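**Q** need coordinates for the below:
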Amino acid sequence: MSNLAFSLYTLNGVDAQKFLQGQVTLNAEALAENLTRYTAICSLKGRIQFGLWLKKINPESFEIVVTADQAEEFAQHIKKFGAFSKMKLEQVGPVFPTLNGDTTDFSAAETDIAAWQLLAIEAGQAWIEAATAHEFQPQELRLHQREGVHYDKGCYIGQEIIARLWFKAKPKSWLQLVQGTGTTPALATKLNNDVEVVNSIAIDGGYKALVVAKPAALEELGLTVLDLPEALKGDVARPQ
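**A** The predicted structure follows:
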């Protein structure tokens, strides 16, 4: 049984969109209404501090889902940075995930979270929990290939480092879907120096996992590399 759980917040007020625009990696102004996208709030070092599923109802009303183990810290972050913004963050309660094509939707109706985990992992839909906070850069998780990062949207926390990596370099490691045998490795486990587990779940005879890895290191470990969906197969680097 999975101990993974999710918490829904609403953010309402005239400043909600402007505030989020300066926080998250995606373009909140350009986000289509009633569409859930996975995005991130990063640290000043350009690493993902909070992963969140963001849904715009309208420019003054947003729904935000985070993992339950990040909920309290997330709420404190929003209240601290949004203290002078005209908006209100309210916790609604637990919600449950359903995979919907290239994204995940949430509702109060109970679903099998472990079943979602496997489908999300197979779909390359990596997510952050407390154990993996501050570990990964958005590009390493292929977040730009999921429309979760926009590199030309202007300032947000960690933007300088994230943009520099995009425009001047390429990450040395990036998201891969793998299958292995034996015990399922815990989140944030380093299988070796060049392979770190983002999400994992047990299956018959072993496990499936999303890892951030140097491709050559996966061969050394004898892991089976599985195909990601077409949208996530491309090079993570910026097209030249």
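**Q** next, the contact list for residue 218, please.
**A** Neighbour list for residue 218: 176, 178, 195, 211, 225 [criterion: CB atoms under 8 Å, 6 or more residues apart in numbering]. C-beta coordinates here come from the backbone N, C-alpha and C atoms, glycine included.
**Q** contact partners for the fourth one?
**A** Yep, that's residue 211 we're talking about. Contact analysis of residue 211 by CB under 8 Å, 6+ apart lists 175, 176, 178, 191, 195, 196, 197, 198, 218.
**Q** put the alpha carbons of the longest strand belonging to the chain into PDB.
**A** For the chain, the longest strand by residue count, based on DSSP state E, is strand 88-100. What follows is strand 88-100, C-alpha atoms only, in PDB (Å, rounded to 0.1, in the frame of the first residue of the first chain):
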ATOM      1  CA  LYS A  88      -5.500  34.100   0.000                       C
ATOM      2  CA  LEU A  89      -4.100  30.500   0.200                       C
ATOM      3  CA  GLU A  90      -6.600  28.000   1.600                       C
ATOM      4  CA  GLN A  91      -6.100  24.200   2.200                       C
ATOM      5  CA  VAL A  92      -9.100  22.300   0.800                       C
ATOM      6  CA  GLY A  93      -8.100  18.700   1.800                       C
ATOM      7  CA  PRO A  94      -6.900  15.400   0.400                       C
ATOM      8  CA  VAL A  95      -7.300  14.600  -3.300                       C
ATOM      9  CA  PHE A  96      -6.700  11.600  -5.500                       C
ATOM     10  CA  PRO A  97      -4.900  11.300  -8.800                       C
ATOM     11  CA  THR A  98      -6.000  10.000 -12.200                       C
ATOM     12  CA  LEU A  99      -3.700   9.900 -15.200                       C
ATOM     13  CA  ASN A 100      -5.100  11.900 -18.100                       C
END
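**Q** mean confidence score for the lengthiest helix in the chain?
**A** What stands out as the longest helix in the chain, according to DSSP state H, is helix 68-81. Averaged across helix 68-81, the pLDDT comes to 97.
**Q** no more questions from me, cheers.
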